[in-house]
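S.K.: Sequence first, predicted model second:
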Amino acid sequence: MTRAIIAAGHEATAGAAAEVMAAGGNAFDGICAALCAATVAEPVLASLGGGGFLLAHPAGAEPLLIDFFTQTPRHCSAPETLDFRPIVADFGDTTQEFHIGLGAMATPGAIAGLFAIQRRLCRLPAADLLEPARRLAAGGVVINAFQHRIARIVEPILRARPEYFALHASRRDPDRLAEPGERIPQPELAEALARLAREGAGLLHGGPWGRRLAADCAAQGGHLRLDDLTGYEVVERAPLVADYRDARLYLNPPPSIGGLLIALALDLLAAAGPPVERFGSPAHRYRLAQAMTLTRTARLDAAKGGRDLATAGLDPELTARYRALMAEPRFSRGTTQISIADANGNVASLTLSNGEGTAYLLPGTGIVMNNMLGEQDLNPDGFHLWPPGRRISSMMCPTLVRHTDGGWTVTGSSGSNRIRSAILQVLCNLIDLGLPLDEAVAAPRIHVEDANLYIEPPVAADVLADLSGAWPDPIVFREPNVFFGGAHSVAIGPDGALSGAGDSRRGGVVIRV
């Protein structure tokens, strides 16, 4: 009998969850172990220097959201004093600019979140949850083809500091990235994980790690001070609840923006009429692209009017306005996802992000810090204009779906500003088209950004011609691409059967316990 199912971005990430769950842990023990292991096995996508969200449904209780995302510093240093510089990530068929350096670092929450989840929801002690990751770091991870490809995309960041590149360099040729098949141990990270198991989150939030981080920021062009770390708090929130067709969705609530934008897009799709009958048809692709475009327009229009959707929410007048537009004639980043369900009815969706990393390593720990203040999509009003001491409004949206037959789907995605479009399409594939979970995750995606339409193949010639009338010069990728996110997902059927789908775009795997 399958007692649990895990979907994640790396076999070692899922394997750590399987190990602690086989030892008596529940889905939340598994999530914590997987979080730690992801920082070792998926080092470009996940780090203890970042932050994230857990959307949890403990069996017999209401869903809850645990927010351990990054926060803006309490003090803003003058821009001319900052270590803050641009780099370009090359996805092959398109590029994206990010900013790195200590001046791009926000207050991290991953370590505080790990221990908060353990205290609130887990069965096993924290040391047991960190141990699989510690062993993994000490013994080394064998680089796979996906992790190598990710490293190539962000190689300009990896090369920004010699000590950071050394974590990703070949042991045979230190001037080159490690090739697939090479084993890369991380002894400093192994020791850091062991020390965390002994001493807890206070190491960073007020202790010696935090004091060193604050000192380096002061000396090398960062914003963070010690009071940013001592004052950081993990927050529990009620999820944003939205009904779509015959399903109830639990999404990431404000102050994050991702859940609101997904809810608006689903509302627009529902207002457009009954579901389309065929995946990939002109009507199907057009509706999705139109909903994505209007959702982005709503966010930008609100900002121009001095309203922050993450704070104000979706008022009926705004929703009605964009519903009407749906009926009008046609108009012209590093993150990882872990989804777990167990046979007792516990379900957990965790999204963890480090952005693309600052290239700064917390000395002696092997932990690379986040660059959330350098993410354009998280700073729509411009850089260095953030309000102090606030949660950053994220696109990340771990998602739970309760179906009318009593079953659950657990999903979410990585992918910078493609997160909301990836989740939206998985949900529509499941709810509107009735696709099985593996097909819903694997189906080709689209994304709309800055009036550009990005299309993942295959796409029929008639569909492409139809879309080109509204979105001239669409960008068609040559093959499925990491650009379109990674929606690792699991499900509990109405009979209690467990299933899962790892998103191959981001090295997805599924493990049964």
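M.R.: Great, that's in hand. Numbers count the residues shown, from 1 in each chain.
S.K.: now the strands for the stretch 101-250 of the chain?
M.R.: 141-142, 183-184, 235-237, 240-244, 247-251 (DSSP state E, counting those that start in this stretch).
S.K.: What average pLDDT does stretch 384-402 get?
M.R.: For stretch 384-402, mean pLDDT is 91.
S.K.: same deal with stretch 85-97?
M.R.: Here stretch 85-97 scores 76 as its mean pLDDT.
S.K.: Stretch 174-186 now?
M.R.: On average, stretch 174-186 scores 95.
S.K.: Which positions in that stretch come out as buried?
M.R.: Judged by neighbour count using 16 or more other C-beta atoms under 10 Å, the buried positions of stretch 174-186 are 177-178, 182, 184, 186. Where you see a C-beta, it was placed from the backbone N, CA and C, and this is true even at glycine.
S.K.: which residues touch the nearest residue to Glu131 once chain neighbours are set aside?
M.R.: Leaving aside its sequence neighbours, Glu131 sits nearest to Ala197 (C-beta to C-beta, 6 or more residues apart in numbering; 7.1 Å). By C-beta atoms under 8 Å, 6 or more residues apart in numbering, the contact list for Ala197 reads 126-127, 130-131, 134.
S.K.: do the same with Leu427
M.R.: Contacts of Leu427 (C-beta under 8 Å, 6+ apart): 244, 247, 249, 262, 266, 399, 401, 411.
S.K.: Likewise for Pro125?
M.R.: Gln118.
S.K.: how does it look with 10 Å?
M.R.: With contact set as C-beta atoms under 10 Å, 6 or more residues apart in numbering, Pro125 has these partners: 29, 118, 131, 197.
S.K.: Give me the pLDDT for the second one.
M.R.: Which is Gln118. At Gln118, pLDDT is 98.
S.K.: Quick check: it touching Leu124?
M.R.: Yes - counting by C-beta atoms under 10 Å, Leu124 is a contact partner of Gln118 at 8.0 Å.
S.K.: Neighbour count: the two, which is higher?
M.R.: Neighbours around Gln118 and Leu124, counted as other C-beta atoms under 10 Å, are more numerous at Gln118. The numbers are 24 against 20.
S.K.: any chance of the buried residues of stretch 174-186 in CSV, with distance to Leu229 too?
M.R.: What follows is those, written out as CSV (distance: C-beta to C-beta, whole Å):
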residue, distance to Leu229
Leu177, 32
Ala178, 32
Glu182, 35
Ile184, 29
Gln186, 23
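S.K.: and which of the residues you listed is nearest to Val235?
M.R.: Among the buried residues of stretch 174-186, Gln186 lies closest to Val235 (C-beta to C-beta), at 30.4 Å.
S.K.: His99 - nearest residue in space that isn't next to it in sequence?
M.R.: Distances taken as C-beta to C-beta, 6+ apart put Gly374 closest to His99, at 3.0 Å, once the chain neighbours are dropped.
S.K.: Please name the residues that touch the one you found.
M.R.: For Gly374, the contact set (C-beta under 10 Å, 6+ apart) comprises 84-87, 97-101, 103-106, 355-358, 383.
S.K.: Just the buried residues out of those, in PyMOL syntax.
M.R.: Selection of buried members from those for PyMOL, criterion 16+ other C-beta under 10 Å:
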select buried, resi 84+87+98+99+100+101+103+104+105+106+355+356+357+358+383
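S.K.: Narrow the contacts of Gly374 to those in strands?
M.R.: Among the contacts of Gly374, the members falling in strands (DSSP state E) are 85-87, 97-100.
S.K.: can I get those residues in JSON lines with distance to Cys217?
M.R.: Formatted as JSON lines, the ones in strands among the contacts of Gly374 follow (distance: C-beta to C-beta, whole Å):
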{"residue": "Arg85", "distance to Cys217": "16"}
{"residue": "Pro86", "distance to Cys217": "20"}
{"residue": "Ile87", "distance to Cys217": "20"}
{"residue": "Glu97", "distance to Cys217": "23"}
{"residue": "Phe98", "distance to Cys217": "19"}
{"residue": "His99", "distance to Cys217": "16"}
{"residue": "Ile100", "distance to Cys217": "14"}
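S.K.: Nearest to Ala18 among those?
M.R.: Phe98 (33.3 Å).
S.K.: The closest residue to that closest one other than its chain neighbours and Ser413, how far apart?
M.R.: Counting by C-beta to C-beta, 6+ apart, Glu356 is the residue found nearest to Phe98 once chain neighbours are left out, at 4.9 Å. Separation of Glu356 from Ser413 (C-beta to C-beta, to the nearest Å): 16 Å.
S.K.: related to what we said a few turns ago, ok, the residue nearest to Phe98 - contacts?
M.R.: For Glu356, the contacting residues are 44-45, 87, 89, 96, 98-100, 104, 153-154, 156-158, 333-335, 368, 370-372, 374-375, 416, by C-beta under 10 Å, 6+ apart.
S.K.: Give me the buried subset of those.
M.R.: 44-45, 87, 89, 96, 98-100, 104, 153-154, 156-158, 333-335, 368, 370-372, 374-375, 416.
S.K.: Could you check the pLDDT of the closest residue to Gly49 other than its chain neighbours?
M.R.: Nearest residue to Gly49 in three dimensions, chain neighbours excluded: Met369, at 3.8 Å (C-beta to C-beta, 6+ apart). Looking at Met369, its pLDDT stands at 96.
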